[in-house]
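>>> The following block contains a protein sequence and its predicted model.
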Amino acid sequence: MKLTDVELVRVAMPLVSPFRTSFSTQTARDILLVHVTTDDAEGWGECVALSEPYYSPEYVGGAADVLERFLVPRLSAVTDLTAETVAEVLAPVRGHRMAKAALEMAVLDAQLTAAGASLGQYFGATRATVPAGVSVGIMDSIPELLDAVAGYLAEGYLRIKLKIEPGWDVEAVSAVRERFGDIPLQVDANTAYTLADAPHLRRLDDFDLLLIEQPLGEEDIRQHAELAKLISTPVCLDESIVSAEAAADAIALGAAQVINIKPGRVGGYLEARRIHDLCRANGIAVWCGGMLETGLGRAANIALAALPGFNLPGDISASDRFYATDITAPFVLVDGHQVVPTVPGIGASPLPDIMDELVTERRWITS
Ligand code: OSB
Ligand code: MG
């Protein structure tokens, strides 16, 4: 395969309600899509970088820049291109994993489309549906939180994740437990605590949570191992797991009883698959995280989550959790599950009419 052209597309998508985490409050998204044409087929990738570098160092404008100036020129020079060699070709560029992941995803989509194979088939997915969890943002009040959780449970979500931060943790978890009883429940701090907060975080031990996600800083792997000895809630890493190597170190140090796999954060779906394999071999539980993806990323995440090592529900909500109008055919829950796409490619493609309404910028960048 050879890349013939690459288009960078930006879409503006309002969120159905503000999504507040310990690092930001988002009300709308500015999403970068990568559209490739090859001598075989076309493909789409989604960049999960957020507008601002608060979740991780990447941000959407930076991702577009590094794609245009460094990543796409490198990949365009390759004449025998395969999805499996994209990471190696891009390796001289340090970091920028979300930008690399988007480009690899687009090439993988083109490759699978040309081969007539679905992403689930390519991965060796062992399930036709995957259980859906939902991530619930920080709210202004406990009654508002309880209303939101009640709504998601009524829609069929099989697991609730509460975003927490200092001042919005024990009380929120306690209120949800009291009202909804023994539901599968977990929390995500997005690095908002320090090891000195261990005595406070230990108070969450009473609530039988599935896990606490990324309580400490991205680079605090050893401190997560220390924290894990001080609390009984299983520690799950998100931000810290930027590669299979980081995952191997975290597992060896006892810093992660559970790992949240996000393809964008680790440089692509192929690296995500390697982390899955590593965790499975080491008896580490994994689940598929989300980054407020459009239907493109959502489709691919569902296929990934159909691998056998994914033994906890993912942040794989329906399109309408975040968007009134998705850019693909909407993903909907069926009995709390998502159906693994079986069409060739990554599992979804943008609908031209909707794209026309939401696109803010599109530009072919190969010379
Ligand atoms: O930490 O999991 C996270 C969204 C943006 C950035 C980081 C995170 C999240 C979520 C939403 O929790 C997950 C989703 O897409 O459903
Ligand atoms: Mg997280």
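Looks like it came in fine. Ligands and ions are numbered 1, 2, ... in the order given.
>>> does ligand 1 sit close to the longest helix seen in the chain?
If each helix of the chain is counted by residues according to DSSP state H, the longest one is helix 97-115. No - judged by CB under 6 Å from any ligand atom, helix 97-115 makes no contact with ligand 1; its nearest approach is 11.0 Å. Using the backbone N, CA and C atoms, a C-beta is placed for each residue, glycine as well.
>>> can you tell me the average pLDDT over that helix?
Helix 97-115 shows an average pLDDT of 98 in the prediction.
>>> what's the following helix or strand after it?
helix 119-123 (DSSP states H and E).
>>> List the strands paired with whichever helix or strand comes after that next one, with their directions.
Once the chain leaves helix 119-123, the next helix or strand it forms, by DSSP H and E, is strand 129-131. Paired neighbours of strand 129-131 in the sheet (DSSP bridges): strand 337-339 (antiparallel).
>>> Tell me the buried residues in the strand it pairs with?
337, 338 (16 or more other CB atoms under 10 Å).
>>> quick one: is it near ligand 1?
No - using CB under 6 Å from any ligand atom, strand 337-339 stays clear of ligand 1, coming no nearer than 11.8 Å.
>>> Around ligand 2, pick out the residues from the stretch 101-250 of the chain.
Selection of the stretch 101-250 of the chain residues close to ligand 2 by CB under 5 Å from the ion yields 188, 213, 238.
>>> Go again with 6 Å.
Proximity of the stretch 101-250 of the chain to ligand 2 (CB under 6 Å from the ion) is limited to residues 188, 190, 213, 214, 238.
>>> isn't residue 278 right next to residue 246, touching?
No - using CB atoms under 8 Å, residue 278 is not in contact with residue 246; the gap is 10.6 Å.
>>> which stretches of this protein form helices?
Using DSSP H, helices in the chain cover 60-66, 72-76, 83-90, 97-115, 119-123, 142-155, 170-180, 198-201, 221-230, 244-253, 269-282, 295-304, 352-358.
>>> Any chance of a markdown table for these, columns distance to residue 317 and mean neighbour count?
Shown next, in a markdown table, are the helices of the chain (distance: least, CB to CB, whole Å; neighbours: other CB atoms under 10 Å):
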| stretch | distance to residue 317 | mean neighbour count |
| --- | --- | --- |
| helix 60-66 | 21 | 19 |
| helix 72-76 | 31 | 19 |
| helix 83-90 | 27 | 18 |
| helix 97-115 | 20 | 26 |
| helix 119-123 | 19 | 22 |
| helix 142-155 | 8 | 15 |
| helix 170-180 | 17 | 16 |
| helix 198-201 | 26 | 16 |
| helix 221-230 | 26 | 17 |
| helix 244-253 | 24 | 18 |
| helix 269-282 | 19 | 20 |
| helix 295-304 | 8 | 27 |
| helix 352-358 | 19 | 12 |
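>>> Show me the one of those that comes nearest residue 42.
Ranking the helices of the chain by their distance to residue 42 (criterion: CB to CB) puts helix 97-115 first, at 5.9 Å.
>>> Spell out which parts of the stretch 101-250 of the chain neighbour ligand 1.
With CB under 6 Å from any ligand atom as the criterion, the stretch 101-250 of the chain meets ligand 1 at residues 135, 188, 190, 238.
>>> And residue 39, how far from residue 5?
Applying CB to CB, to the nearest Å, the value for residue 39 to residue 5 is 11 Å.
>>> got a winner among the residues of the stretch 101-250 of the chain next to ligand 2 for most neighbours?
residue 213 (28 neighbours; other CB atoms under 10 Å).
>>> confidence score at that residue?
98.
>>> Quick one, grab the pLDDT at the residue nearest to it when sequence neighbours are not counted.
Counting by CB to CB, 6 or more residues apart in numbering, residue 188 is the residue found nearest to residue 213 once chain neighbours are left out, at 3.9 Å. Per-residue pLDDT puts residue 188 at 98.
>>> what do you get for the one 4 residues further on?
According to the model's per-residue confidence, residue 192 sits at a pLDDT of 98.
>>> and this protein, what are its domains?
3-115+352-366, 120-339 (automatic domain parsing).
>>> Can you lay out those domains as a markdown table showing distance to residue 346?
Output for those, formatted as a markdown table (distance: least, CB to CB, whole Å):
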| stretch | distance to residue 346 |
| --- | --- |
| domain 3-115+352-366 | 4 |
| domain 120-339 | 4 |
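>>> To residue 345, which of those domains lies closest?
domain 3-115+352-366 (4.1 Å).
>>> end-to-end on that closest one?
Taking CA to CA, to the nearest Å as the measure, domain 3-115+352-366 stretches 9 Å from start to finish.
>>> from what I can see residue 251 touches residue 278, true?
Yes - if you go by CB under 8 Å, residue 251 and residue 278 touch, sitting 7.4 Å apart.
>>> what is in contact with those two at once?
residue 284 (CB atoms under 8 Å, 6 or more residues apart in numbering).
>>> How much space separates residue 263 from residue 295?
Distance from residue 263 to residue 295, by CB to CB: 15 Å.
>>> Alright, calling it a day.
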